[in-house]
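[1] sequence and predicted structure are below.
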Amino acid sequence: MVGKIRGRSGNLLVKLLPDADVEPVFRGASRRGGRLLAWLAVLAGPLLTVAGLVVLQPAGAPPMRDGGASAPSASPEGWAEMYVRSWLSATRDDSAGLETFYPAGATIQRAPGTQVPIDTAVISTVSEAGSWSVVVIADVLRLQPDGKRKASLLCTQVAVTGAAGAYVATALPAPVACPSTGGAVELAYDEVADPTGPIAQSVSGFLVAYLAGQGQLDRFISPGASLAPPTPAPFAGMRLNELRTHEKFEPGQAARPPDGTVVHTLVHAWGVDAAGQTTPVDYPLALVARAGRWEISRIDPAPLPAGH
């Protein structure tokens, strides 16, 4: 029998096992215990390293990306935009996280589903000594007395204070006047093109390939033109509504253009989705003649204004 076995567990083993079996049991337990301690040390190593880095990281050090580059901090404009969305979404049943932006909170009595922010955007920012005044415009869907929902624009001014990455609102958003909308702009597309003519045929083929993913786009664009289509295709089909040109053509002249001739068009079309619903779209397109046909060379950045 082993000479000295201390502890309650040792005494129990002595009572339960014959003398010849005690020593092998203890040797096996010791080996298993040693292996367990070794694995615990291996697993604890990374945890201790991470803990050490956290403890030793200087207070106020910016968060780091992989590779050591500093991660970008949140901007007050984006923060204010999310604050306005939370404020517009809050109801008597759900604060929509309003306290995250404005710790003082607010008593919200609006019924759920009566007001929904569809979209928001920042339109102006004024900064002064660690504080910002941000104007956010929101497209809001509101329930009307007749049970229908109507979209309208709402501009709000948000007061924000703090430092990079740590902001707080000093008050609830304050509705203010939105920027006014100017009058309609006259454009330089005075000529109505033949809807069955060669220009219209090229434009129609381009729109179907570009926006509906039907047909080969390369057939309708100039060599070297950079016109990657939207993916996935936003429509299932296209319908040409009206085609106007900046350049004036004599009857039949557009059917036999010399190579290199350029025409600027404004296209009014309808995009048809898979459910058969239509969405109007406008495209200012530049076409160039090559080998007796018209090809789209670019989507102009904006329609040509009158007098151009």
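    Thanks, I have the structure now.
[2] how about the contacts made by the most centrally placed residue in the chain?
    By CA atoms, centre = their mean, the chain has its centre lying nearest to residue 119, at 11.3 Å. Neighbouring residues of residue 119 by CB atoms under 8 Å, 6 or more residues apart in numbering: 138, 139. C-beta here means a position set from N, CA and C on the backbone, and glycine is covered the same way.
[3] which residues does it bridge with?
    Judged by DSSP bridges, the bridge partners of residue 119 are residue 139.
[4] poorly predicted segments of the protein, please.
    Confidence mapping of the chain against pLDDT under 70 gives the ranges 1-74, 164.
[5] again, only using 90
    Scanning the chain for pLDDT under 90 picks out the ranges 1-75, 128-130, 163-165, 224, 226, 249-257, 292, 307-308.
[6] quick one, domains of it?
    Per the record, the chain has its domains at 76-176, 191-299, by automatic domain parsing.
[7] same list (those domains) but as CSV, adding distance to residue 184.
    Below are the domains of the chain laid out as CSV (distance: least, CB to CB, whole Å):
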stretch, distance to residue 184
domain 76-176, 19
domain 191-299, 13
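[8] the chain: helices as residue ranges?
    8-16, 19-56, 76-89, 98-101, 198-212 (DSSP state H).
[9] can you pull the buried residues of stretch 289-305?
    289, 294, 295, 296, 297, 298, 303 (16 or more other CB atoms under 10 Å).
[10] for those, which one is nearest residue 86?
    Nearest to residue 86 among those is residue 303, at 37.9 Å by CB to CB.
[11] next one: that closest one from residue 178, what distance?
    24 Å (CB to CB, to the nearest Å).
[12] residue 159 now?
    Residue 159 is 18 Å from residue 178, by CB to CB.
[13] residue 297 now?
    Distance from residue 297 to residue 178, by CB to CB: 38 Å.
[14] count of neighbours near the residue nearest to residue 217 when sequence neighbours are not counted?
    Leaving aside its chain neighbours, residue 217 sits nearest to residue 209 (4.2 Å; criterion: CB to CB, 6 or more residues apart in numbering). Residues within reach of residue 209, counting by other CB atoms under 10 Å, total 22.
[15] and stretch 162-171, what's buried?
    Buried, per 16+ other CB under 10 Å, within stretch 162-171: 167, 169.
[16] pull that stretch out as PDB, backbone CA atoms only.
    Output of stretch 162-171 as PDB, limited to C-alpha atoms (Å, rounded to 0.1, in the frame of the first residue of the first chain):
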ATOM      1  CA  GLY A 162     -19.000  65.800 -28.800                       C
ATOM      2  CA  ALA A 163     -15.800  64.600 -30.300                       C
ATOM      3  CA  ALA A 164     -14.900  62.200 -33.100                       C
ATOM      4  CA  GLY A 165     -16.700  58.900 -32.500                       C
ATOM      5  CA  ALA A 166     -18.700  60.100 -29.500                       C
ATOM      6  CA  TYR A 167     -21.600  62.400 -30.200                       C
ATOM      7  CA  VAL A 168     -24.800  63.400 -28.300                       C
ATOM      8  CA  ALA A 169     -27.800  65.400 -29.300                       C
ATOM      9  CA  THR A 170     -28.500  68.500 -27.100                       C
ATOM     10  CA  ALA A 171     -32.200  68.700 -28.100                       C
END
